[in-house]
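Chemist: Here is the input, now give the coordinates:
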Amino acid sequence: MLNPLIILAIGVAVVIGMIVVLRINAFLALITAAIVVSLLAPGELSEKISRVAVEFGGTAGKIGVVIALAAVIGRCLIDSGAADRIVRMFLRLLGEKRCAVSLMSSGFILSIPVFFDTVFYLLLPLARSMHRRTSKSYVLLILAMGAGASITHSLVPPTPGPLLIAAELGIDLGMMISIGLLVAIPTAVVIIFFVNWLSRRIEIPMRPLASGVPEPEPLSDEKLPGLLWSLMPIILPVILISANTVAKTIADRPDAGAAAKQALEVTSVIGNANLAMLLAAAVAIVVLWRQRRPGKEGLARIIESSLMSGGVIILITSAGGAFGKMLEAAQIGPAITKMVVGEAAGQIGGMSMLFIAFFMAFLIKFAQGSSTVSMIATSGMLAPLIVSKEVLGYHPVYIATAIGFGAQCGNWMNDSGFWIFAKMSGLTEVETLKTWTVTVSTLAVIGFLFSVLFAYILPLV
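Modeler: A predicted model of the protein is given here:
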């Protein structure tokens, strides 16, 4: 049998080679790597291909429904004007003088159920309009907007990366949401000061849109849904899932009474991520119907197109889950443990695991470009090393946040997000490296340091 570390190197090389060199879709790259690793790993030859499909299905079963419904929610938020209403709420709350904070807050909230590129497309016209109206630094506005969206994109489910990390590491979804937000909020506070500092040192004008495309005119307030209805598809699943986590924590206490256990029975149903997201999607569809009256055929087209985009994400994340499980079958975990801490080691404990998680995610991200692929691969590699909170000295959710931030670090030309930021904002490649790459890498390091800090002062063990 091959050394597990050689199998790991072959698997990572297949992923990076197919995505970066051959420009093949991430799904094909990950499923190919999973099959290659499975063939090289121990086990019955007759089962080496079928187990890849089994693990693919297992991962899809965990995250597929949530991602599909998140895609529907995101599309409905955009088309109904609910997302625009949330942005305007922050503007009125914070005022035009703090418009950068408003854009960051909007990106921060919207990127929880909506994919990063969609959030960027939505907010960019608002940033351009705000620059014209207030003369605030264009660089400041677009960096604040993008940074806010980037933070929650890598930390807070139901976006695919953190959703799969939670599934791989066995972390309760409510805990992932709660601690993801706990670490994300101070990171956002610090990074807004950083982008203020950076924008004062880099002057880049706002350039006209390509090909003379006219600037889109924002809708009037009368055409937008109410604030409560706009927020409901976002806050409803967070409340329901978090309620289940709280009920589970209380019911697990030795002195828990019958009432606590009965409450858990209820919250385990309504707080299940699949049902919570289904209810949120239903609300989002109702809001879209009330505001736009698209008709039955129009509504069907909107939902179908959103499910098609979500389907691609499900395929990629499920293939990544299968890849991670095949790495586990190849005994990668024990091999890494032996390499890092020696023959006598059981499991890696202490803060060293956080640093390993961050740097491993960073290296994979830097090499192949996709944050989601980085989160998938890293969590799959590290899952076998984690046994209990007692061994680590803190809850494994902090490993998840370290992976999430590591997968944001080193955002450069092999990342689609880099090109979305550059082309949509009208910046050159060099300008994007000086602004976007520096900002996202800085927020990744800051967020990682907050993860370490909270793991120390709030270990949850």
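Chemist: neighbours of residue 70, just the number please.
Modeler: When counting by other C-beta atoms under 10 Å, one arrives at 28 neighbours for residue 70. Any C-beta I mention is one placed from the backbone N, CA and C, and that applies to glycine too.
Chemist: Remind me which helix or strand it belongs to.
Modeler: With elements taken from DSSP states H and E, the one containing residue 70 is helix 50-80.
Chemist: Check which helices and strands that helix sits against.
Modeler: helix 26-40, helix 116-134, helix 160-169, helix 227-251, helix 273-292, helix 295-329 (3 or more C-beta pairs under 8 Å, 6 or more residues apart in numbering; DSSP states H and E).
Chemist: can we see that at 7 Å?
Modeler: With contacts defined as 3 or more C-beta pairs under 7 Å, 6 or more residues apart in numbering; DSSP states H and E, the packing partners of helix 50-80 are helix 26-40, helix 116-134, helix 160-169, helix 273-292, helix 295-329.
Chemist: buried ones in it?
Modeler: Applying a neighbour-count criterion of 16 or more other C-beta atoms under 10 Å, one finds 51-52, 55-56, 59-60, 62-80 buried in helix 50-80.
Chemist: Deepest-packed of the helices and strands packed on helix 50-80, please.
Modeler: Scoring the helices and strands packed on helix 50-80 by mean neighbour count under mean count of other C-beta atoms under 10 Å gives helix 160-169 as the most buried, with a mean of 26.
Chemist: Just the mean pLDDT for that one, thanks.
Modeler: Here helix 160-169 scores 87 as its mean pLDDT.
Chemist: And for stretch 312-328?
Modeler: Rounded mean pLDDT across stretch 312-328 is 84.
Chemist: next one: it to chain centre, how far?
Modeler: Remark: stretch 312-328 is offset 15 Å from the chain centroid, using C-alpha atoms, centre = their mean, to the nearest Å.
Chemist: For the host helix or strand of residue 194, buried residues please.
Modeler: Assignment of secondary structure by DSSP H and E places residue 194 within helix 173-201. Of the residues in helix 173-201, 173-184, 187-188, 191-192, 194-195, 198-199 count as buried by neighbour count, 16+ other C-beta under 10 Å.
Chemist: mind listing the helices for the stretch 301-450 of the chain?
Modeler: If DSSP state H, counting those that start in this stretch is used as the criterion, the helices of the stretch 301-450 of the chain fall at 332-341, 352-368, 371-382, 389-392, 397-406, 416-425, 429-432, 438-457.
Chemist: List the buried residues for the fourth one?
Modeler: In other words, helix 389-392. By 16+ other C-beta under 10 Å, the buried positions in helix 389-392 come out as 391, 392.
Chemist: which secondary structure elements does that helix contact?
Modeler: Counting by 3+ C-beta pairs under 7 Å, 6+ apart, the elements that helix 389-392 packs against turn out to be none at all, helix or strand.
Chemist: ok now it, how far from the chain's centre?
Modeler: Averaged over its C-alpha atoms, helix 389-392 has a centre that lies 25 Å from its chain's centre (C-alpha atoms, centre = their mean).
Chemist: what's the next secondary structure element after the helix holding residue 70?
Modeler: Where DSSP H and E defines the elements, the next helix or strand beyond helix 50-80 is helix 82-94.
Chemist: Which phi and psi values does residue 48 adopt?
Modeler: Torsion angles at residue 48 (phi, psi; degrees, to the nearest 10) stand at phi -70, psi -30.
Chemist: Would you mind measuring from the residue lying closest to it once chain neighbours are set aside to residue 3?
Modeler: Nearest residue to residue 48, sequence neighbours excluded (C-beta to C-beta, 6 or more residues apart in numbering): residue 38, at 4.8 Å. Here the criterion is C-beta to C-beta, to the nearest Å. By it, residue 38 lies 16 Å from residue 3.
Chemist: Please apply the same query to residue 157.
Modeler: Separation of residue 157 from residue 3 (C-beta to C-beta) stands at 35 Å.
Chemist: coming back round to it: now do the helix holding residue 70 against helix 26-40, angle only.
Modeler: Orientation note: helix 50-80 sits at an angle of 160 degrees relative to helix 26-40 (axes from the mean of the first three to the mean of the last three C-alpha atoms, to 10 degrees).
Chemist: to the chain's geometric centre, what's the distance from helix 50-80?
Modeler: Averaged over its C-alpha atoms, helix 50-80 has a centre that lies 13 Å from its chain's centre (C-alpha atoms, centre = their mean).
Chemist: With that, I have no additional questions.
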